[in-house]
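J.: Based on what follows, work out the 3D shape:
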Amino acid sequence: MEPRVHIIIALLESDPRSDFSIEELAKIVNLSPSRLRHVFKAETGQSPTHYRNTLRMQQARNLIETTFLSIKEIMLKAGIKNKSQFARDFKRAYGLTPVVYRARHFSNTAKTVAKSTIK
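T.: Down below sits the predicted model:
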């Protein structure tokens, strides 16, 4: 993998909440913003912004599955500021809104636990 793309990936993965602009990311690796977009997409199949959003959705899903934080708290921990945009993006990524996803996840978890204790 292109070393500069690897640097950007490591930076984004270390803190998906970061709000680095494409210009700031490009400066870090000494590329123009358009060149960074081109190289990053060639290496990963997606833009740096889409990659960061994917990381944020994964973090949000993990927090929904493993904590009892409110959806608002989860949004903030994942670096997402707009609740309606979060709900749309989450539904696009996972097929359900965050609230419905949580309800189904915990319902399925409870059923699995119940089945394992009956045996």
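J.: can you count the residues close to residue 75?
T.: Neighbours of residue 75 under the rule other CB atoms under 10 Å: 22. C-beta here means a position set from N, CA and C on the backbone, and glycine is covered the same way.
J.: repeat for residue 87
T.: Neighbour count for residue 87, taken as other CB under 10 Å: 18.
J.: What are the phi and psi values at the closest residue to it other than its chain neighbours?
T.: The spatial neighbour of residue 87 that comes closest, neighbours along the chain excluded (CB to CB, 6 or more residues apart in numbering), is residue 97 at 5.1 Å. Phi and psi for residue 97, reported as degrees, to the nearest 10, are phi -70, psi 160.
J.: Tell me the confidence at residue 97?
T.: Predicted confidence (pLDDT) for residue 97: 95.
J.: which residue packs closest to residue 72, ignoring adjacent ones?
T.: residue 83 (7.1 Å).
J.: which ones are touching that neighbour?
T.: Contacts for residue 83 (CB atoms under 8 Å, 6 or more residues apart in numbering) come out as 71-72, 75.
J.: Distance of the residue most central in space within the chain relative to residue 93?
T.: With distances taken as CA atoms, centre = their mean, the residue of the chain nearest its centroid is residue 56 (2.1 Å). Shown here: residue 56 relative to residue 93, a distance of 10 Å by CB to CB, to the nearest Å.
J.: And for residue 45?
T.: Relative to residue 93, residue 45 is positioned 16 Å away (CB to CB).
J.: between these two, which one's more packed in?
T.: Counted by other CB under 10 Å, residue 45 and residue 93 do not tie: residue 93 has more neighbours, with 16 against 9.
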